[in-house]
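1. From the sequence below, what's the structure:
(one chain, ligands or ions: 1)
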Amino acid sequence: MTVPETAEKIKSMEIRGAGRIARTAAEALRDHALSLAAPDTAAFKKEMEQAAALLVSTRPTAVSLPNAVHYVMAGLDPSVNVDEARNGVIHRAEQFIQSSQHAVERIAGFGARHIRDGDVILTHCNSEVALGCMIEARRQGKEIEVFATEVRPRNQGHITIRTLNDAGIKTNFIVDSAVRSFINNVNLVIVGADAVTVNGAVVNKIGTSQVAHTAAEARVNVIVAAETYKFAPRTVVGELIEIEERPPNEVLPDEIARTLPNVTVRNPAFDVTPPEYIDLIVTEQGAIPPQMAYVIIREYLGWEIGEFNPGGGSPAGFNGE
Ligand SMILES: O=P(O)(O)OC[C@H]1O[C@H](OP(=O)(O)O)[C@H](O)[C@@H]1O
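-> Residues are numbered from 1 along each chain as shown. Okay, here's the model as predicted:
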């Protein structure tokens, strides 16, 4: 797939999920590097930077995307010849994809240890790592049951219930607004993350903060499953995470909206859950309390450099084994 095709698919959410977006962007950069017929390193670098900027511009919230792009672009050494520069990018892309897959597996293993036989778990949206923890627990023979939300407006819950069904996990499918009605039937919440800020706040699918608030009120523990490349280095220097607002017609069909001139549809795709509502963040480096987010950023991402910044900053970053 070309870079513009990949960018379009990420934008339209045909390719979605923070981890998957990151790996797909790395693949697109690798394939772009392979096919580019640039006369010299400077031209190669310029083309690669344009491709990187296009990918980063597709969705603003999941920091896995700029973190992945940043990591791959760090392989481009401008002082070597074009073939070496190309190989540098390809190598880093392969490294990112591999370490991301490895991280997902490790989190499943760590997360499963927090799931006990007989647990009833609530999940919101479709997170590969959150589901990985549940599937691993089931594989270990633990009898679990899941409540999965619908996830309006894009219905990612449909993907979640299919995955759970196929893993042989007893699943209850509920509308988003039914979470409080069922929270007392649940003894654990597990969700994914699109971004984790330096103070341990978790940015995830819209509705996650309501789920976490409801869980806190009911004294139900909340676990967030997140690879270290979901942590946002630039929040250390005060940058805020942009919350993507998606098209109104995802919520209300245009033909109805047209008849309602006084109505504005608001469609934020994500919200922010404060660290007080989160008991644990399970990363591939182990489980941490949210208050330790800074340590993850410092140790594994290098906070002084941050995410990919088109045209600026020197490369370094994600050190995912
Ligand atoms: O990386 P994994 O854990 O799969 O997904 C993490 C998060 O990415 C998704 O965003 P979207 O559906 O792409 O908007 C959801 O918010 C999900 O919780």
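2. Which neighbouring elements make contact with the host helix or strand of residue 87?
-> Assigned by DSSP states H and E, residue 87 belongs to helix 82-112. Helices and strands touching helix 82-112, by 3 or more C-beta pairs under 8 Å, 6 or more residues apart in numbering; DSSP states H and E, are helix 18-35, helix 41-56, helix 64-73, helix 128-139, strand 221-225, strand 280-283. Using the backbone N, CA and C atoms, a C-beta is placed for each residue, glycine as well.
3. Show the subsequent helix or strand relative to it.
-> Moving toward the C-terminus from helix 82-112, the next helix or strand (DSSP H and E) is strand 120-123.
4. Show the average pLDDT along that following strand.
-> Averaging pLDDT along strand 120-123 gives 98.
5. and that strand, anywhere near the ligand?
-> No - against the ligand, strand 120-123 shows no contacts by C-beta under 6 Å from any ligand atom, the least distance being 8.8 Å.
6. Please put the alpha-carbon coordinates of that strand into PDB.
-> Output of strand 120-123 as PDB, limited to C-alpha atoms (Å, rounded to 0.1, in the frame of the first residue of the first chain):
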ATOM      1  CA  VAL A 120     -16.400 -10.400  35.200                       C
ATOM      2  CA  ILE A 121     -14.700  -7.700  33.100                       C
ATOM      3  CA  LEU A 122     -16.000  -4.700  31.400                       C
ATOM      4  CA  THR A 123     -14.300  -3.300  28.300                       C
END
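7. Give me the sheet partners of it and which way each runs.
-> Strand 120-123 has these partner strands in its sheet, going by DSSP bridges: strand 145-149 (parallel), strand 188-191 (parallel).
8. which of the ones you listed is buried the deepest?
-> Among the strands paired with strand 120-123, ranked by average contacts under mean count of other C-beta atoms under 10 Å, first place goes to strand 188-191 (a mean of 26).
9. what about dumping the CA coordinates of it to CSV?
-> The C-alpha atoms that make up strand 188-191 are tabulated as CSV, following Å, rounded to 0.1, in the frame of the first residue of the first chain:
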residue,chain,number,x,y,z
LEU,A,188,-12.7,-5.3,36.8
VAL,A,189,-12.5,-2.8,33.9
ILE,A,190,-9.8,-3.2,31.3
VAL,A,191,-9.4,-0.7,28.4
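10. Quick check: mean pLDDT of it?
-> 98.
11. So which residues lie in contact with it, not counting its own?
-> Residues from elsewhere that reach strand 188-191 (C-beta atoms under 8 Å, 6 or more residues apart in numbering): 111, 114-115, 119-125, 127, 130, 133-134, 202, 204-205, 208, 211-212, 215, 220-225.
12. now swap in stretch 283-290 and tell me
-> Counting by C-beta under 8 Å, 6+ apart, 102-104, 106-107, 110, 114, 196, 199-202, 224, 226-228, 275, 278-281, 295-296, 299-300, 320-321 sit against stretch 283-290.
13. quick one on the thing from earlier: and the helix holding residue 87, anywhere near the ligand?
-> No - with C-beta under 6 Å from any ligand atom as the measure, helix 82-112 is seen stopping short of the ligand, the closest distance being 8.0 Å.
14. Return the distance of stretch 87-104 from the chain's centre.
-> 16 Å (C-alpha atoms, centre = their mean, to the nearest Å).
15. Domains in the chain, by residue range?
-> Structural domains assigned to the chain are 3-105, 117-301, following automatic domain parsing.
16. All the helices of the stretch 201-321 of the chain, residue numbers only.
-> Per DSSP state H, counting those that start in this stretch, the stretch 201-321 of the chain carries helices over the ranges 208-217, 254-257, 293-296.
17. and of the ones you listed, who's closest to the ligand?
-> helix 208-217 (7.4 Å; C-beta to the nearest ligand atom).
18. and the angle for the closest one with strand 145-149?
-> 140 degrees (axes from the mean of the first three to the mean of the last three C-alpha atoms, to 10 degrees).
19. Export only the CA atoms of helix 208-217, formatted as PDB.
-> The C-alpha trace of helix 208-217 is given here as PDB (Å, rounded to 0.1, in the frame of the first residue of the first chain):
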ATOM      1  CA  THR A 208     -13.900   5.800  28.700                       C
ATOM      2  CA  SER A 209     -13.900   8.500  31.400                       C
ATOM      3  CA  GLN A 210     -17.500   7.900  32.200                       C
ATOM      4  CA  VAL A 211     -16.800   4.200  32.500                       C
ATOM      5  CA  ALA A 212     -13.800   4.900  34.800                       C
ATOM      6  CA  HIS A 213     -15.800   7.300  36.900                       C
ATOM      7  CA  THR A 214     -18.600   4.800  37.300                       C
ATOM      8  CA  ALA A 215     -16.100   2.100  38.200                       C
ATOM      9  CA  ALA A 216     -14.500   4.400  40.800                       C
ATOM     10  CA  GLU A 217     -17.900   5.100  42.400                       C
END
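20. I am finished for the moment; much appreciated.
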